[in-house]
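> Build the 3D model from these lines:
(2 chains)
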Amino acid sequence: MISGERVVSLVLLALFLAYWMLAYDIELYPGSEAEWINARTFPKAVGASGTALAALLLVLPRQDGAAMTLAALRRLDWVRVGLLAGLMLAYGLLIKSAGFLLATSGFLLGGYLVLGERRPWLLFLASLPVAAGFEFLLAGLLSIHIEDPFLAWIGLAAQ
Amino acid sequence: MIEGILTGLQTVLQPVNLAMVFVGCFAGTFIGMLPGLGPISAIALMIPITYGFDPATGLILMAGVYYGAIFGGSTSSILLNAPGVAGTVATSFDGYPLARRGLAGKALAVAAYASFSGGTIAAIFLLLAAPALANVSLAFQSSEYFALMVLGLTAVAAFAGRGQFLKAMLMVALGLALATVGQDTSSDISRYTFGMIDLLDGISFLLVAMATFALSEALMTVLKRERVDKAARQAARGGMGSLRLAPGEAKAIMPVIGRSSVLGFFIGVLPGAGATIASFLAYGLERGLASDKDKAEFGKGSLKGLAAPETANNAACSGSFVPLLTLGIPGSGTTAVMLGALISYGIQPGPRLFVENPAVFWSVILSMYVGNIVLLVLNLPLIPYIARLLAMPRPILVPLVLFFSLCGVYLISFNTFDIQLMVLFAAVAIVLRLAGYPMAPMILAFVLGRLMEENLRRALEIHDGWAFLWERPLTLAIMVATVLFLVAPLVQAMRTRRASADLAGEGG
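The predicted structure follows:
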């Protein structure tokens, strides 16, 4: 059966092959094909090297590590990591529309809950005050303006 | 020159500037210690504050932050194996194993002494030889810069570990590939942007570094269901082990510090080759010079392996100011941010700075010496207390690390696309880490990619082809060293295989 490490090598080989092929599609100014170096030269060299290295990794005999066996992968906590990744993506989507304070507080609170923290006082102290303190540091002390529709809505910041 | 030094001394000893050295070092240590927040974000955050300052004061503050962040980065590298700064990646190779063995105190003390020594020796070098050293940089042409970058990338792969060479080289290729995303610097032609405006300026170093180190490391601890780390737990109890070094240990690392200071400083002087290359080369050099017994310790908690990159990265920080102050060329990403700040103050760095603004030139150099003393006085006694900050419960620490990483990148670009891209990169980094691919060669290649292409372009244009590789003796020498780095792991692998075959033959 093909091991996890070889699957990764195979994916890298496909990626580098695609990268190499796409290098030939990079636009060039007329006449620059004849130059010693143009916008395609470096990507072509990198693509060829990457493809060769990935192919070598795939064909050379070697002992695969234990980390990528199916049993080992099943033991990992993919659910929590997936939830944290989802929280980060949501944070990126909401930081402008919901505002820094709400988005950050929500992200931190969600993160603590996902990782198993259940003490209410700690959940509160480590989310809203941290977000508010950080925003005050940025806006109040460092004069870094962050748009915050929520604070503007409650009248604590300019529109 | 004496007059210039006295002017600089007078400036740096002004109470406000002295206070800025303290504030900068303290803020830098704290920010650099948080995994994911490195000197670039720390300095970038400082730029708006320094607008109202005198240029010398502003630059002194940023120099203090730079030193502090490198110093603080070592702490998180050693205790959490989460380098917030590329320059302290090599520190984690031996620092983290030491911490896992219950010798976190000793590791942090070695880092502090090595940083102080490297920074101080390099500051003295800088003080005595700054104008002359500018000429060293001037003697280097694009072909040498290109060759040196190839050497640095090969070296990092060469000491990635047994059986890791090909994987490390593949990561170098991945880093170089990522560096080509965005507009080509010379022709403005878009490459690999797939029509996305967000990718036109390329991918920021901070984004890649934070995603592949801070984010993926933090997520890996969750993935592997790691609870409170032993080192952090010990740190919370104040039980990091002794900060003292045995006389034999101090004696053993002294020559390492001497060599790495010189190497780090000169590598730092070269534009493009900053603290990261210096730390990796110093690590590689010491590993190469070590006896077989000492060599086996590298990667498992060698004091020499820890002292070398720590000394070199601080020495390189001092060195990287030479091209910035005398040539107007940043030697690293961090000094590039400083270059932007200097220009915004109305100061044009370059050869004229030395003549027109001696107070700025010399006060920055002298502030480095003061900064090194401040860091030793501040950092070493505070290590147990600083480490306790890192020992907070994992369910609290991980989301905070994720938040600081995301915010560090977002606050520079204010582009939410960067956050999405970070999550993608972190996910890829996790898969690669599980498959045993080292991340350090990738980040180094990514940082050097554009500079490498730019220097290759100039070399090819100036020499009208590839002849520069053998026509210029210095380039040739560096390329020969590169080939040796490439061949050494192969020879070593062949010898090991032959020895195993012989052993099997004798046994059978």
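> Please, which helix or strand holds the closest residue to chain A within the stretch 251-400 of chain B?
Nearest residue of the stretch 251-400 of chain B to chain A (CB to the nearest CB) works out as B:P399 at 2.8 Å. Heads up, the C-betas are built off the backbone N, CA and C, glycines and all. In this structure, B:P399 sits in helix B:394-413 according to DSSP states H and E.
> What is the burial count for the residue of the stretch 251-400 of chain B closest to chain A?
B:P399 has 27 neighbours, counted by other CB atoms under 10 Å in any protein chain shown.
> for it, what are its contacts?
For B:P399, the contacting residues are A:L84, A:F107, A:L108, A:G110, A:G111, A:Y112, A:L115, by CB atoms under 8 Å, 6 or more residues apart in numbering or on different chains.
> change it to 7 Å
The contact partners of B:P399, by CB atoms under 7 Å, 6 or more residues apart in numbering or on different chains, come to A:L108, A:G111, A:Y112, A:L115.
> The first one: which element?
Right, the one you point to is A:L108. Going by DSSP H and E, A:L108 is part of helix A:100-114.
> Most neighbours out of the contacts of B:P399, which is it?
The most crowded member of the contacts of B:P399 is A:G111, carrying 26 neighbours; neighbours defined as other CB under 10 Å.
> and that residue, what is it in contact with?
A:G111 makes contacts with A:L84, A:L87, B:V398, B:P399, B:L402, as judged by CB under 7 Å, 6+ apart.
> Now with 6 Å, please.
Residues near A:G111 by CB atoms under 6 Å, 6 or more residues apart in numbering or on different chains: B:P399.
> and the residue of the stretch 251-400 of chain B closest to chain A, how far is that from A:G111?
Distance of B:P399 to A:G111, given as CB to CB, to the nearest Å: 3 Å.
> where along chain A do the strands fall?
In chain A, no strands are defined using DSSP state E.
> what's the domain layout of it?
Structural domains assigned to chain A are A:4-73, A:78-153, following automatic domain parsing.
> how about a markdown table for these, with mean pLDDT added?
Below are the domains of chain A laid out as a markdown table (pLDDT from 0 to 100):
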| stretch | mean pLDDT |
| --- | --- |
| domain A:4-73 | 89 |
| domain A:78-153 | 91 |
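> and of those, who's closest to B:R244?
Among these, domain A:78-153 comes nearest to B:R244, with 35.7 Å by CB to CB.
> Determine how far the closest one lies from the middle of the whole chain.
Distance of domain A:78-153 from its chain centroid, counting by CA atoms, centre = their mean, to the nearest Å, is 18 Å.
> Figure out the length between the terminal residues of that domain.
Using CA to CA, to the nearest Å, one end of domain A:78-153 lies 38 Å from the other.
> Kindly report the same for stretch B:461-475.
Terminal residues of stretch B:461-475 are spaced 16 Å apart (CA to CA).
> quick one: contacts of that stretch?
Against stretch B:461-475 from outside (CB under 6 Å, 6+ apart): A:W36, B:S143, B:E144, B:A147, B:A459, B:L476, B:M479.
> May I see those organised as JSON lines, with neighbour count, distance to B:T180 and secondary structure added?
Below are those laid out as JSON lines (neighbours: other CB atoms under 10 Å in any protein chain shown; distance: CB to CB, whole Å; DSSP: H, G, I helix; E, B strand; the rest coil):
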{"residue": "A:W36", "neighbour count": "14", "distance to B:T180": "18", "secondary structure": "coil"}
{"residue": "B:S143", "neighbour count": "26", "distance to B:T180": "21", "secondary structure": "helix"}
{"residue": "B:E144", "neighbour count": "20", "distance to B:T180": "22", "secondary structure": "helix"}
{"residue": "B:A147", "neighbour count": "27", "distance to B:T180": "20", "secondary structure": "helix"}
{"residue": "B:A459", "neighbour count": "25", "distance to B:T180": "18", "secondary structure": "helix"}
{"residue": "B:L476", "neighbour count": "15", "distance to B:T180": "27", "secondary structure": "helix"}
{"residue": "B:M479", "neighbour count": "22", "distance to B:T180": "22", "secondary structure": "helix"}
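> Is it possible to get a markdown table of these that adds distance to B:D94?
A markdown table is the format used below for those (distance: CB to CB, whole Å):
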| residue | distance to B:D94 |
| --- | --- |
| A:W36 | 43 |
| B:S143 | 34 |
| B:E144 | 31 |
| B:A147 | 28 |
| B:A459 | 36 |
| B:L476 | 33 |
| B:M479 | 30 |
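> re the thing from before, now, which of the contacts of B:P399 sits nearest chain B?
A:G111 (2.8 Å).
> about what we covered before: with just CA atoms, put the helix holding B:P399 into PDB.
What follows is helix B:394-413 as a C-alpha-only set of coordinates in PDB (Å, rounded to 0.1, in the frame of the first residue of the first chain):
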ATOM      1  CA  ARG B 394      -2.400  25.500  26.600                       C
ATOM      2  CA  PRO B 395      -6.100  26.200  25.900                       C
ATOM      3  CA  ILE B 396      -5.400  29.900  26.600                       C
ATOM      4  CA  LEU B 397      -2.000  30.100  25.000                       C
ATOM      5  CA  VAL B 398      -2.800  28.500  21.700                       C
ATOM      6  CA  PRO B 399      -5.700  30.800  20.700                       C
ATOM      7  CA  LEU B 400      -3.600  33.800  21.900                       C
ATOM      8  CA  VAL B 401      -0.700  32.700  19.700                       C
ATOM      9  CA  LEU B 402      -3.100  32.300  16.700                       C
ATOM     10  CA  PHE B 403      -4.600  35.700  17.400                       C
ATOM     11  CA  PHE B 404      -1.200  37.500  17.600                       C
ATOM     12  CA  SER B 405       0.000  35.700  14.400                       C
ATOM     13  CA  LEU B 406      -3.100  36.600  12.500                       C
ATOM     14  CA  CYS B 407      -3.100  40.200  13.900                       C
ATOM     15  CA  GLY B 408       0.600  40.700  13.200                       C
ATOM     16  CA  VAL B 409       0.000  40.100   9.500                       C
ATOM     17  CA  TYR B 410      -3.300  41.800   9.300                       C
ATOM     18  CA  LEU B 411      -2.100  45.000  11.000                       C
ATOM     19  CA  ILE B 412       0.600  45.400   8.300                       C
ATOM     20  CA  SER B 413      -1.600  44.900   5.200                       C
END
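> list the buried ones in that helix?
By neighbour count with 16 or more other CB atoms under 10 Å in any protein chain shown, helix B:394-413 contains the buried residues B:394-412.
> interface residues of chain A facing chain B?
Chain A comes close to chain B at residues A:5, A:8, A:19, A:26-27, A:36-37, A:39, A:42-43, A:46, A:49-50, A:53-54, A:56-57, A:65, A:67-68, A:76-77, A:80-81, A:85, A:88-89, A:92, A:108, A:111-112, A:115-117, A:126, A:142-143, as judged by CB under 6 Å from any CB of the partner chain.
> Just the buried ones from the residues you listed?
The neighbour-count test (16+ other CB under 10 Å) marks A:5, A:8, A:19, A:26, A:37, A:39, A:42-43, A:46, A:49-50, A:53-54, A:57, A:68, A:76-77, A:80-81, A:85, A:88, A:92, A:108, A:111-112, A:115, A:117, A:126 as buried among those.
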